[in-house]
Every structure is written in C-alpha cells, then in structure tokens.
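[1] what's the 3D shape of this:
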Amino acid sequence: MKANKGQIERALDAPPADIRLFLLHGPDESGSQALAHRLERAMGPEAERIDLDVATLKADPARLADEAASISLFGGARWIRLNLSNDDALPAIQGLLEAEQAGNPVVALGGPLKNTSKILKLALDHKAVMACASYVPEGRDADQLAAAIARDKGLRLSGDLARRVAELTGGDRTLMGNEIEKLCLYLDAAPDRPAEATHEAIDALAAEATEEDIGALVNAVLGGDTGRLLREFRILAQLGASEGGMLWALLRRAHLIAAIRAEFDQNGNLDGAMASAGRAVFWKDKTAVQRQVRLWSAQGIARVIHRLAEAERLSRSSRNAGRVLVEQELLTIARQAARGR
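    Numbers count the residues shown, from 1 in each chain. Purely as a prediction, here's the structure:
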C-alpha cells in the first residue's frame with residue numbers, strides 16, 4: 001500500500017507486526033536512505049542486519065523469507081535490508097509475502113523505479129507492504145530540510161542561508177549534510193557548542209570551486225567525450241583545481257539535467273522544459289545542456305548523481321588517493337555517456 005512521508009516515518013520508527021516489507025523508492029535516493037536509517041535506529045545498535053542484493057535473491061528466492069523468519073544467533077533484534085535494481089527479486093518478495101510467518105522487518109531500497117515495475121505494483125497492492133516514494137525537496141521544503149540538518153549538528157542557519165545551502169546542493173540530502181559538516185568544522189560548531197552560520201563562511205568554503213573554470217570538464221563528462229576529458233584532467237591538474245570543485249560543478253549540472261529531463265518526460269517538449277529552467281541554464285551552455293538531457297534518461301542521471309555524491313565522499317576520506325578515485329569515476333561516467341551518443 002502507498003504511504004506518505006508521515007505514515008512511513010511513524011511505521012519505520014515503530015515497525016508494525018503486520019508489515020513485512022517497506023519499499024523506499026523514488027529519485028531522491030538520499031531521502032530513501034534517511035528513511036531506512038529510521039528503521040535502523042528503531043531496531044537498536046545491537047540489532048543484527050542482513051544485507052541482500054538482487055543477484056543473491058535471484059539465485060535463491062527462498063532466502064528472503066527464510067531470513068525474515070529466522071531468529072538472531074545472539075537472541076536480539078534482526079532486520080533485513082535489500083538493494084533493488086530491477087524486478088529479478090520479485091519471486092523472493094512474493095515468497096516473503098506468502099510465507100506463513102516472518103517477524104523480522106525488511107526494508108528495500110529501490111531507487112527511481114519505473115511505473116511499470118512489477119515489484120512496485122505488488123507493493124502498492126499488498127496490505128503487508130508500505131511503499132513510499134521520495135522526491136528531491138524543492139522551495140521551502142528544501143530550505144527547511146537544510147535548517148533541520150544544520151540544527152541537529154549544532155549549526156544555526158537563517159532563512160536566506162538555508163535557502164543558499166539548498167540551492168547549492170540541488171536539494172540533495174546527502175550533499176546538504178556534507179556541506180553543513182564543512183561549515184561546522186570551519187565554525188567549530190557542534191551540538192554542545194552551537195554556532196551561527198554566515199554568508200562569509202559559505203563564501204570562504206565555496207571560493208575555491210567558484211574560481212575554477214571547469215565547464216569544459218563538465219561537458220566532457222556528461223557529454224561522453226572521453227578524449228576531451230583526459231585533456232581537461234591534465235589542464236586542471238596544472239591549475240591546481242580541487243576534486244571537490246570538479247564534483248560540485250558536475251553535481252550542479254547533473255541536478256539541472258535531472259530537473260529538465262523530468263519535465264521533458266512529462267510533457268514531451270524539450271524546448272519548453274529548457275525554458276522552464278530559466279536562468280539555471282547559462283546561455284553559453286544551452287546547446288550542451290540540451291544535448292545532455294537527450295543523452296541521459298531520468299534513471300541514468302539519478303544514478304550519476306548518486307555516484308558523484310559517493311565520489312565526493314570518498315575524495316574527502318581517501319587523502320592522497322582522492323584525485324585518482326575521482327578521475328576514475330568521471331571516466332566511468334563519461335564512457336557510459338559515450339555509449340549513448
């Protein structure tokens with residue numbers, strides 16, 4: 001059955017005995033991840049978590065029902081997390097719903113499932129399933145989310161600063177968290193020593209990225225021009241461009257493509273969708289952006305956004321290997337784009 005945000009949050013915070021599966025899907029994958037974390041908190045830090053993927057369930061469809069009915073080796077709470085990428089896990093999910101007993105809650109992260117997905121249709125029709133779609137927050141919702149994330153970390157964001165963070169990150173929850181963490185470190189803010197954010201602090205953190213001209217790299221990656229991309233790597237390395245600057249520029253473009261593509265898919269009018277984006281499309285980039293919108297499907301660009309966000313996280317935690325990791329990831333995305341040219 002379909003659930004709204006409030007319903008799914010309450011259910012994940014206190015899993016009902018009659019719900020066997022929580023299906024979290026939609027274009028805002030970081031939003032779905034945040035919902036899954038609610039179940040993790042509800043089960044407790046000592047709970048045993050079982051991770052299953054599509055390949056495992058395709059090979060052994062009965063595994064899911066067995067895991068859902070099994071008792072933890074340590075006698076504590078137990079729950080299962082699935083990562084879905086297609087309908088190959090349908091027999092396993094059907095087995096879970098038809099089993100005589102379950103007991104351990106199952107949460108499935110489905111990403112941007114198509115309306116034709118058999119798993120999605122089953123979830124919406126079955127009373128033992130709660131399905132909730134997460135969408136990238138916009139406008140006031142995005143501003144409020146940024147302020148809430150900051151508040152939990154000990155950082156106070158005024159209305160205009162919350163809006164600036166939301167716009168900078170395209171409303172992506174994970175990216176908001178990353179940007180706010182940087183602000184907390186810069187301002188030495190924490191829950192036990194809250195601080196007030198300022199435009200000057202954001203300017204200081206963003207200066208490096210805004211001063212770097214990496215438009216050619218953005219177009220090479222999302223346009224599938226691997227030869228040009230390799231040249232841009234060399235040029236930007238000589239200029240001392242940071243991995244973070246590259247990734248933030250790419251994420252901004254990817255979010256723009258996703259928004260235009262969504263409207264294009266809805267009304268079939270690409271020129272109209274481009275016009276709706278307004279000033280978000282710089283006039284010099286219009287032709288490149290239009291070509292990239294045609295090149296990437298909604299599901300494809302959603303996966304790119306996820307990969308770029310993960311690359312940004314890895315670049316911060318990998319120290320000296322950061323540039324190598326980022327360049328490899330960008331080459332992978334460019335090669336994927338090249339196959340669709």
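
[2] domain parsing for this structure?
    5-133, 139-208, 212-339 (automatic domain parsing).

[3] With mean neighbour count and mean pLDDT added, can I get those in a markdown table?
    Every C-beta, even on glycine, is put in place using the N, C-alpha and C of the backbone. A markdown table is the format used below for the domains of the chain (neighbours: other CB atoms under 10 Å; pLDDT from 0 to 100):
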| stretch | mean neighbour count | mean pLDDT |
| --- | --- | --- |
| domain 5-133 | 17 | 90 |
| domain 139-208 | 18 | 86 |
| domain 212-339 | 18 | 84 |
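
[4] where exactly do the strands run in the chain?
    Here the chain has its strands, by DSSP state E, at 21-25, 48-53, 78-83, 106-111, 129-133, 155-156, 195-196.

[5] So Ile305 is in contact with Ala254, correct?
    Yes - counting by CB atoms under 8 Å, Ala254 is a contact partner of Ile305 at 4.9 Å.

[6] do you know how far the nearest residue to Asn219 once chain neighbours are set aside is from Leu23?
    Distances taken as CB to CB, 6 or more residues apart in numbering place Ala288 nearest to Asn219, at 4.8 Å, with adjacent residues excluded. According to CB to CB, to the nearest Å, Ala288 and Leu23 sit 36 Å apart.

[7] next one: Lys153
    Distance of Lys153 to Leu23, given as CB to CB: 30 Å.

[8] Check Leu12 too.
    Counting by CB to CB, the gap from Leu12 to Leu23 is 12 Å.

[9] Ok, Arg81 next?
    12 Å.

[10] quick one: common contacting residues for the two?
    Contact criterion CB atoms under 8 Å, 6 or more residues apart in numbering; residues bridging Arg81 and Leu23 by contacting each: Ala108.

[11] and the closest residue to Glu181 other than its chain neighbours, what is it in contact with?
    Nearest non-adjacent residue to Glu181, counting by CB to CB, 6+ apart: Lys153, 7.0 Å away. Lys153 makes contact with 180-181, 184, 189-191 under the criterion CB under 8 Å, 6+ apart.

[12] Other residues contacting stretch 169-180?
    For stretch 169-180, using CB under 8 Å, 6+ apart, the contacting residues are 28, 30-31, 33-34, 136-138, 142, 145-146, 149-150, 153, 155, 165-166, 168, 205, 251-252, 255-256, 305, 309, 312-313, 316.

[13] for Val54, what are its contacts?
    83-86, 88-89.

[14] sorry, that was for Glu138
    Residues near Glu138 by CB under 8 Å, 6+ apart: Gly171.

[15] ok, so what distance separates it from Ile260?
    14 Å.

[16] same thing with Glu310?
    On the measure of CB to CB, Glu310 and Ile260 end up 23 Å apart.

[17] With Glu40 instead?
    Applying CB to CB to Glu40 and Ile260 gives a distance of 35 Å.

[18] What's the end-to-end length of stretch 128-138?
    End-to-end distance of stretch 128-138: 31 Å, with CA to CA, to the nearest Å as the criterion.

[19] Centre of the chain to that stretch, how far?
    Taking the mean of its C-alpha atoms, stretch 128-138 sits 13 Å from the chain's own mean (CA atoms, centre = their mean, to the nearest Å).

[20] show me where the stretch 51-200 of the chain has helices.
    Along the stretch 51-200 of the chain, counting by DSSP state H, counting those that start in this stretch, helices occupy 54-59, 62-69, 90-98, 118-125, 139-152, 159-169, 173-187, 199-211.

[21] between the fourth one and strand 21-25, what angle do the directions make?
    Using axes from the mean of the first three to the mean of the last three CA atoms, to 10 degrees, the inter-axis angle of helix 118-125 relative to strand 21-25 is 120 degrees.

[22] Could you list every helix and strand in contact with helix 118-125?
    strand 21-25, helix 90-98, strand 106-111, strand 129-133 (3 or more CB pairs under 8 Å, 6 or more residues apart in numbering; DSSP states H and E).
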